[in-house]
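Q: Next input, structure requested:
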Amino acid sequence: MPEIISVSSGKGGAGTSTLAVNMAMRLQDAHGPTLLVDCDLLMANSHVLLNVRPTADLIDVLEGLCDWRVATQKLPNGMSLLSGRTAANILVESEAERLNDFMDTLKTTAHEFSYIIVDMPAGAGAVVMNAVSVSDHSMVVLLGQATSFVDAYALIKSCYLEKNVTSFYAIVNMVTSAERAKTIFDNFERTVSKLLPIKLIYAGYMPRMPEINSCSVHGRLIDYDVMKGCIFPKIDSILSSLFEKEPLYTVSNPVTLYSDEP
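A: Down below sits the predicted model:
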C-alpha cells in the first residue's frame, strides 16, 4: 500500500502547498511513483503552482461524478495530481465523511503509487482531522510567528482529542538559517509537550527564498535547476527524517546535485 503523508499548518499563508508540491516532485523524481492530492475544496492552488488546468477534481470524485483515477492528471515528470477546487459552492464540513471514506479507498486501491502527498487546507476542521488520522506520516508546517504557533497547536490538539493522533513531524518554513529554524521548533515543542502527550519530531526546515516567493506570487513552478540545486537538498533532508533513512544528497558534496547518476 502507498505511504500517505499529510502536510498541514493550521494557518493560511504558511507555504503548505508549495512544500507539498516540492515534496511530491522530489519523491517522484528519486523515490517512486507519487500522487499529490489537494484536499483544499475551496481555495486549492497546487494546480496553479504546477501550471495545469484540471478537467475534473476532488469534488467531482466526492460527489460521485467520476472515479478518482479519471480525475487524476499525470504530469510530464511522471507525478500525478488530483486537484482540489477554487471558489467551490459547497459546505466543506459536509464533505468530511466522504473525504474520510475516499482516503481509505486510496489507501487500499492506489497500488500504482508508492507515496501519496496530501496538501491540507488551513484550519483544524473535520476534513483536516480525518485526513491526518489516516496518514502514515503527519507533518505540520511552522512559521516564526505567534499566530502560527497558536494555529498549529490548535490543529495538533484537535487531532489528538478527536482522532487520537499522538505524533507529528514539524517543518519550519521561510527562515533565514538552520539555527533559527531549530530555535523556533524548540520553543514550539516546549509549549506542546507541557500541555499535550504528543511526540513532536523535528524534520527540518525550508529557507526563505525570493525564487519561491516570486513563483507563489505569479503562480508558476520554480525553475528546475533552482529546485535541484537549492530546494531538493532540503527536501531530501526532510524525507530522510520522515523515513529514517540517509539523505540522498548531502550539502557537503555539491557535485552530486548535478550528477545524472542515481
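
Q: Show me the helices in this protein, by range?
A: For the chain, helices defined by DSSP state H occupy the ranges 16-30, 46-49, 58-62, 68-71, 96-109, 126-133, 146-163, 178-195, 210-218, 224-226, 232-243.

Q: Quick check: mean pLDDT of the first one?
A: Confidence over helix 16-30, taken as the mean pLDDT, stands at 92.

Q: What residues does the nearest residue to Asp104 once chain neighbours are set aside make contact with?
A: Nearest residue to Asp104, sequence neighbours excluded (C-beta to C-beta, 6 or more residues apart in numbering): Val134, at 6.4 Å. In this view, the C-beta of every residue, glycine as well, is placed from N, C-alpha and C. Listed by C-beta atoms under 8 Å, 6 or more residues apart in numbering, the contact set of Val134 reads 4, 100, 103-104, 107.

Q: related to what we said a few turns ago, with respect to Tyr202, which of the helices of the chain lies nearest?
A: helix 178-195 (4.8 Å; C-beta to C-beta).

Q: related to what we said a few turns ago, where among the helices of the chain is average confidence lowest?
A: Among the helices of the chain, helix 210-218 scores lowest, with a mean of 60.

Q: who's in contact with the nearest residue to Met174 once chain neighbours are set aside?
A: Excluding its sequence neighbours, the residue lying closest to Met174 (C-beta to C-beta, 6+ apart) is Arg208, at 4.5 Å. For Arg208, the contact set (C-beta under 8 Å, 6+ apart) comprises 174-176.

Q: Are any of the residues you listed buried, and if so which?
A: Neighbour-count burial (16 or more other C-beta atoms under 10 Å) is assigned, among the contacts of Arg208, to 174-175.

Q: Could you dump the contacts of Arg208 into CSV and include distance to Ser240?
A: Below are these laid out as CSV (distance: C-beta to C-beta, whole Å):
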residue, distance to Ser240
Met174, 21
Val175, 19
Thr176, 22
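
Q: Ile238: which of the contacts of Arg208 is nearest?
A: Distances from Ile238 to these, taken as C-beta to C-beta, are shortest for Val175 (13.5 Å).

Q: who's the closest one bridged to?
A: Beta-bridge partners for Val175, by DSSP bridges, are Pro207.

Q: Spit out the contact partners of it.
A: By C-beta under 8 Å, 6+ apart, the neighbours of Val175 are 144, 181, 184, 205-208.

Q: Mind giving me the PyMOL command for buried ones among these?
A: Buried subset of these, written as a PyMOL selection, criterion 16+ other C-beta under 10 Å:
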select buried, resi 144+181+184+205+206+207
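
Q: Relative to Val128, which of the contacts of Val175 is nearest.
A: Among the contacts of Val175, and counting by C-beta to C-beta, the member closest to Val128 is Met206, at 20.8 Å.

Q: Now do the contacts for that closest one.
A: Shown in contact with Met206 (C-beta under 8 Å, 6+ apart): 15, 19, 171-175, 212, 231, 234.

Q: Go again with 6 Å.
A: The contact partners of Met206, by C-beta atoms under 6 Å, 6 or more residues apart in numbering, come to 173, 234.

Q: coming back round to it: please identify the one among the contacts of Arg208 that lies nearest to Met129.
A: Of the contacts of Arg208, the one sitting nearest to Met129 (C-beta to C-beta) turns out to be Met174, at 25.3 Å.

Q: so how far is Arg85 from that closest one?
A: For Met174, the distance to Arg85 (C-beta to C-beta, to the nearest Å) stands at 26 Å.

Q: and if you look at Arg53?
A: 12 Å.

Q: Of those two, give the one with the bigger neighbour count.
A: More neighbours surround Arg85 than the other of Arg53 and Arg85, with 20 against 8 (other C-beta atoms under 10 Å).

Q: Alright, that wraps it up for me.
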